[in-house]
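S.K.: What would the 3D arrangement of this be:
(2 chains)
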Amino acid sequence: DAMVIQNPRYQVTQFGKPVTLSCSQTLNHNVMYWYQQKSSQAPKLLFHYYDKDFNNEADTPDNFQSRRPNTSFCFLDIRSPGLGDAAMYLCATSRGLAGGAYEQFFGPGTRLTVL
Amino acid sequence: KNQVEQSPQSLIILEGKNCTLQCNYTVSPFSNLRWYKQDTGRGPVSLTIMTFSENTKSNGRYTATLDADTKQSSLHITASQLSDSASYICVVSANTNAGKSTFGDGTTLTVKP
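M.R.: I've put the predicted structure just below:
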């Protein structure tokens, strides 16, 4: 059974057209993460929520926003996608923060294409 | 600056052979080290998690070792299978309030018949 679900799996948008990616989890984990992964590179953390507490990485562009309306769902909003935002977007969850050696469970990712 | 370096960048082996992937890190203070397997176009899947006091951990044909003194880890794959073809990512987390994780760039393993 899927534990971290991402929708859609593939998203095509036009340059500058807002897009929202969705993540849901059945694990009831406290922490949800959004990563951006470009080809042949390591995932790059954009932000994470610990419960409702939002933590933005210092180098995450303002173009990227996130919402977590409840424990199960988390959304990534890209307000004005540029060509450089084309990437795989990974959602992950964990019971606690990484410093506590909690396992992270990743979703299958959403592949974003910007035309 | 916290860094995680993996080697080799890529590796090709024949089915049935063993291989070892390396991970060196400078993350401090150290909390834990994780190895992930990422198939092409999929999300990473956790293989092992090791804390400071653990120096070896196995998960089937995967065995990870950790030397916290030299800040090195290795992932040994025994009797490789075609399905082992993937990227293997080493992630090291700091023992701080934020518990920041630093990702390596991964080693791409190709297993050929």
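S.K.: Now do the same for whichever residue of chain A sits closest to chain B: helix, strand or coil?
M.R.: Closest to chain B within chain A is A:Gly99: 2.4 Å, counting by C-beta to the nearest C-beta. (C-beta placed from N, C-alpha, C; glycine too.) Per DSSP: H, G, I helix; E, B strand; the rest coil, the local secondary structure of A:Gly99 is helix.
S.K.: Next one: it from B:Lys37, what distance?
M.R.: 23 Å (C-beta to C-beta, to the nearest Å).
S.K.: Name the residue in the two with the higher neighbour count.
M.R.: Taking other C-beta atoms under 10 Å in any protein chain shown, A:Gly99 and B:Lys37 do not tie; B:Lys37 has more neighbours (22 against 19).
S.K.: What helix or strand is the more buried one located in?
M.R.: strand B:30-38 (DSSP states H and E).
S.K.: Just the buried positions in the helix or strand following that strand, please.
M.R.: Downstream of strand B:30-38, the first helix or strand assigned by DSSP H and E is strand B:45-51. Residues of strand B:45-51 classed as buried: B:47-51 (neighbour count, 16 or more other C-beta atoms under 10 Å in any protein chain shown).
S.K.: Flag the shaky bits of the chain, pLDDT-wise.
M.R.: In the absence of a named chain, this looks at chain A. A:1-2 (pLDDT under 70).
S.K.: try chain B instead
M.R.: For chain B, the ranges with pLDDT under 70 are B:97-99.
S.K.: what about the strands in it?
M.R.: For chain B, the strands defined by DSSP state E cover B:4-7, B:10-14, B:19-25, B:30-38, B:45-51, B:56-59, B:62-67, B:72-77, B:86-94, B:101-103, B:107-112.
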